[in-house]
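> Please work out how this folds:
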Amino acid sequence: MRILNVLRGRRSATDSDSVQDDAGWESPRTGAELLATPYRQQLIRAIQESTSLTAPVFEAYVKEPLQRYAERVQLLPASESHHHSYPGGMLDHGLETCVFGLRLRRQHLLPPKESPEKQSSTGELWSVAVIYACLLHDIAKVIVDVDIHLKSGRRWCLWEGIIPDQYRVRYIKGRDYFLHAAVNPLLCKEVIGNAGLEWLKSQPELFGLVMYAISGHSERSGVVGEIVSQADRASVAKSLGGKVSNIDKAPRESLQSKLKGAIRHIVTEKIRLNEKGAQGFVTSEALWLVTPLVPREIKSYLLSHGIEGVPSNESRLYDEMQSHGLIIENPEGRSVWKCRVKVGEWGADLSMLKVHKSLVWSGDEEPEVFSGRVEAIDVGEGGKGSQPARHQRQEQESSDIPATEENSSELADSSRAEVIQDELEASILDIATGGDEKTAPRLEWQSRRSSEEGAEKVTCQASPGQPSSGEDFLAWLRGGLKTHKILMNDSKALVHAIDGMLLVVSPRVFKRYCQEVSGEEKGWKEVQDSFQKLKLHKKNKDGGSFHKVKVVGPNKKSSTLSGYLVGKDDLVEEGKEVFDNPFIDLIGGKPEE
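Predicted coordinates for the structure are as follows:
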């Protein structure tokens, strides 16, 4: 919290930089001089305390780049009349963004999807990469947004080097407010230096993420780009007097952008393409995604990441995707196409969504075209998907979810409750570890779908509005834990290991199941009751079914969760080692056998 306390502070009168003469000319200074103000020294200390670098390494790979950055931006403001619009504003904004970025970086196990050993050996490089990306994300504004005039009479551009003489700055009229992102890499070498770039290039994927982040390619910048975006917003909010205590929460972006990101993730990381039984097929004209399997994966991905506003009804989800141009409607204006897929001796009639390939890939990234055929077929009048999307939605609403004001209120209340629960569970890891991911259990996502699709079979068998049995839920939960689709011991986990048993968080796990299986939360209580009748859970000392756990961390704050306590062998495969979450304790003690 010390970091946030530093950032909540204000620049005092003693932090003033301006040494203009009577004509308004500024004198250039060294990086060390510019960083010597009390406020900037606080920021540098916060940056150093957020890493585990030795003093010599921090000096060479962080402090020296900070000084080179300071020498480049001098006392230029970050904007003309918006945030940090004072002499030295660009320097303050760069340092603040680094501090916020490191705070956010602590929420992630980096590099993602790697072993704990790899994360331990390269984690500090990822922290340094976040510093570089945060520092450089706006630097080209001092090239494309302003004209720098020297007292000698000539105009100076920073690609020529450090400002050599007294100078004044004038903002360019009619400037392109997006151009700086494309120009940022121009000053990358001058700030980071050869040694820093060589270290960064030792991890090619990380090097790419940093370059994409600073050059405005947010769709390719991954977790680094997300961190920089959130940190930038936090620094801007601080400058404008806004609230910065919520920087750990994801920025509120449009559902459209979230859907795009989810589609890319599911297609590139989760499903199989262009083979027998695949969930997607790439043809010369489009990407075809099997429904309802892939849309449910997309919805599950959004819900597991705490995204608000996700339609609870699948037809509404199709409408949302169609309205934003994410899927291509068929000639009758419908969202879902009926297709015949054939490769070799195998063939099947499938319901599918048609997606622009450019939404997922660009250029050489596009995979090879499916060797078989995908042909749209006419299902005929009254067949499945024969109505336009808006009519399908109305028909399903009339049979499954009455479109009443009362129901709309219920859905809104459910959404708000989900958000509150998400925020509560998201605090577990940060409260327990003080934000230090090194003490947190490993989070691992499976890069491709498991060949064992027990949970998927459950999804296929369920129908909207009809909750499955406790056995179906149990199969889904076991399958999800085995494939890591359902997280354990993580900040938004549905399951936590404690005292040799597993806590199944309720009611959120049952709501998540119903969302995936039937497309809506309706019926979660029936599924919970059916699961309870299986009698796999341990009773508490009062004879009740629910147990509460207390989450306690080094910062002495705490929160509680409740759910069913189940034996490990009932949910995970025999012989699999599962480590207890060391930061949660049962309230009331361990139940009797």
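
> Show me the shaky parts of this structure.
The model of the chain has pLDDT under 70 over residues 1-23, 240-254, 305-306, 323, 362-364, 378-468, 490-492, 552-558, 575, 592-593.

> Stretch 160-170: which residues count as buried?
Residues 163, 166-167, 169 are the ones in stretch 160-170 that count as buried (16 or more other Cβ atoms under 10 Å). Any C-beta I mention is one placed from the backbone N, CA and C, and that applies to glycine too.

> can you tell me which of those residues are in strands?
167, 169 (DSSP state E).

> would a markdown table of the buried residues of stretch 160-170 with distance to residue 525 be doable?
Below are the buried residues of stretch 160-170 laid out as a markdown table (distance: Cβ to Cβ, whole Å):
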| residue | distance to residue 525 |
| --- | --- |
| 163 | 67 |
| 166 | 73 |
| 167 | 69 |
| 169 | 64 |
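
> just curious, which of the buried residues of stretch 160-170 is nearest to residue 543?
residue 169 (73.9 Å; Cβ to Cβ).

> which residues sit in contact with that closest one?
26, 76-77, 146-149 (Cβ atoms under 8 Å, 6 or more residues apart in numbering).

> and those, which of them are in strands?
Among those, the members found in strands (DSSP E) are 146-149.

> so where do the strands sit in the protein?
Under DSSP E, the chain gives strands at 146-150, 155-156, 167-171, 280-282, 287-290, 337-343, 346-355, 373-376, 495-498, 501-505, 547-552, 558-567, 584-586.

> Residue 481 reaches residue 571, doesn't it?
Yes - counting by Cβ atoms under 8 Å, residue 571 is a contact partner of residue 481 at 5.9 Å.

> Return every residue with contacts to both of the two.
residue 495.

> about what we covered before: just so I know, which of the strands of the chain lies nearest residue 86?
strand 167-171 (12.0 Å).

> quick one: the closest one to strand 146-150, angle?
160 degrees (axes from the mean of the first three to the mean of the last three Cα atoms, to 10 degrees).

> Quick check: the farthest pair among the buried residues of stretch 160-170?
Farthest pair in these, by Cβ to Cβ: 166 and 169, 11.7 Å.

> Between the two, which contacts overlap?
Joint contacts of residue 166 and residue 169 (Cβ under 8 Å, 6+ apart) are residue 26.

> Can you report how many residues lie near residue 505?
The criterion is other Cβ atoms under 10 Å. On that basis, residue 505 has 21 neighbouring residues.

> tell me which residues form a beta bridge with the nearest residue in space to it that is not next to it in sequence?
Leaving aside its sequence neighbours, residue 505 sits nearest to residue 563 (Cβ to Cβ, 6 or more residues apart in numbering; 4.4 Å). With DSSP bridges as the criterion, residue 563 is bridged to residue 505, residue 547.

> Tell me how far the nearest residue to residue 189 once chain neighbours are set aside lies from residue 340.
Excluding the flanking residues, the one nearest residue 189 by Cβ to Cβ, 6+ apart is residue 197, at 6.5 Å. Separation of residue 197 from residue 340 (Cβ to Cβ, to the nearest Å): 52 Å.

> who's more crowded, the two?
residue 197 (16 against 13).

> mind checking how far the more buried one is from residue 211?
Counting by Cβ to Cβ, the gap from residue 197 to residue 211 is 10 Å.

> coming back round to it: quick one: which of the buried residues of stretch 160-170 is nearest residue 487?
Nearest member of these to residue 487, counting by Cβ to Cβ, is residue 169, at 49.5 Å.

> Tell me which residues touch the spatially closest residue to residue 205 that is not a sequence neighbour, please.
In this structure, residue 205 finds its nearest non-sequential neighbour in residue 111, 7.4 Å apart by Cβ to Cβ, 6+ apart. Shown in contact with residue 111 (Cβ under 8 Å, 6+ apart): 118-119, 122-123, 126, 203, 205-206.

> Name only those of those that count as buried.
Buried among the contacts of residue 111 (16+ other Cβ under 10 Å): 119, 122-123, 126, 203, 206.

> Among these, which lie within helices?
Applying DSSP state H to these, the entries found in helices are 119, 122-123, 126, 206.

> Turn the residues you listed into CSV, including distance to residue 46.
CSV is the format used below for these (distance: Cβ to Cβ, whole Å):
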residue, distance to residue 46
119, 23
122, 23
123, 19
126, 18
206, 23
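
> hmm, which two among those residues are most spread apart?
Spanning the widest gap among these are 119 and 206, at 12.4 Å by Cβ to Cβ.

> burial of the residue lying closest to residue 123 once chain neighbours are set aside, as a residue count?
Nearest residue to residue 123, sequence neighbours excluded (Cβ to Cβ, 6+ apart): residue 110, at 6.0 Å. Counted with other Cβ under 10 Å, residues neighbouring residue 110 total 24.

> how close does residue 110 get to residue 131?
13 Å.

> Over to residue 58?
Residue 58 is 10 Å from residue 131, by Cβ to Cβ.

> okay, those two: which has more neighbours?
residue 131 (26 against 18).

> which ones are touching that one?
Listed by Cβ under 8 Å, 6+ apart, the contact set of residue 131 reads 47, 62, 65, 98, 101-102.

> Please tell me how far it sits from residue 350.
48 Å.

> cool, and residue 146?
56 Å.

> and if you look at residue 584?
44 Å.

> neighbour count winner among those two?
Between residue 584 and residue 350, residue 584 has the larger neighbour count (other Cβ under 10 Å), namely 24 against 18.

> wouldn't the more buried one be in contact with residue 551 here?
Yes - the criterion here is Cβ under 8 Å, and residue 584 meets it with residue 551 at 5.1 Å.

> In contact with residue 339, which residues are there?
288, 349-352, 374-377.

> For the nearest residue to it once chain neighbours are set aside, grab the count of nearby residues.
Among residues not flanking residue 339 along the chain, residue 352 sits closest, at 4.9 Å (Cβ to Cβ, 6+ apart). Residue 352 has 25 neighbours, counted by other Cβ under 10 Å.

> now the ones in strands among the contacts of residue 169 in JSON lines, with neighbour count and distance to residue 345?
Formatted as JSON lines, the ones in strands among the contacts of residue 169 follow (neighbours: other Cβ atoms under 10 Å; distance: Cβ to Cβ, whole Å):
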{"residue": "146", "neighbour count": "19", "distance to residue 345": "67"}
{"residue": "147", "neighbour count": "13", "distance to residue 345": "69"}
{"residue": "148", "neighbour count": "20", "distance to residue 345": "70"}
{"residue": "149", "neighbour count": "16", "distance to residue 345": "75"}
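
> now, which of those residues sits nearest residue 517?
Once Cβ to Cβ is applied, the member of the ones in strands among the contacts of residue 169 that ends up nearest residue 517 is residue 146, at 56.4 Å.

> Give me the phi and psi angles of the closest residue to residue 274 other than its chain neighbours.
Nearest residue to residue 274 in three dimensions, chain neighbours excluded: residue 370, at 4.4 Å (Cβ to Cβ, 6+ apart). Dihedral angles phi and psi of residue 370 (degrees, to the nearest 10) take the values phi -50, psi 130.

> how close does residue 370 get to residue 347?
Taken as Cβ to Cβ, the span from residue 370 to residue 347 is 13 Å.

> Equivalent analysis for residue 286, please.
Taking Cβ to Cβ, one finds residue 286 at 19 Å from residue 347.

> of the two, who's got more company?
Taking neighbours as other Cβ under 10 Å, residue 286 and residue 347 compare with residue 286 leading, 20 against 13.

> Right, I'll leave it there.
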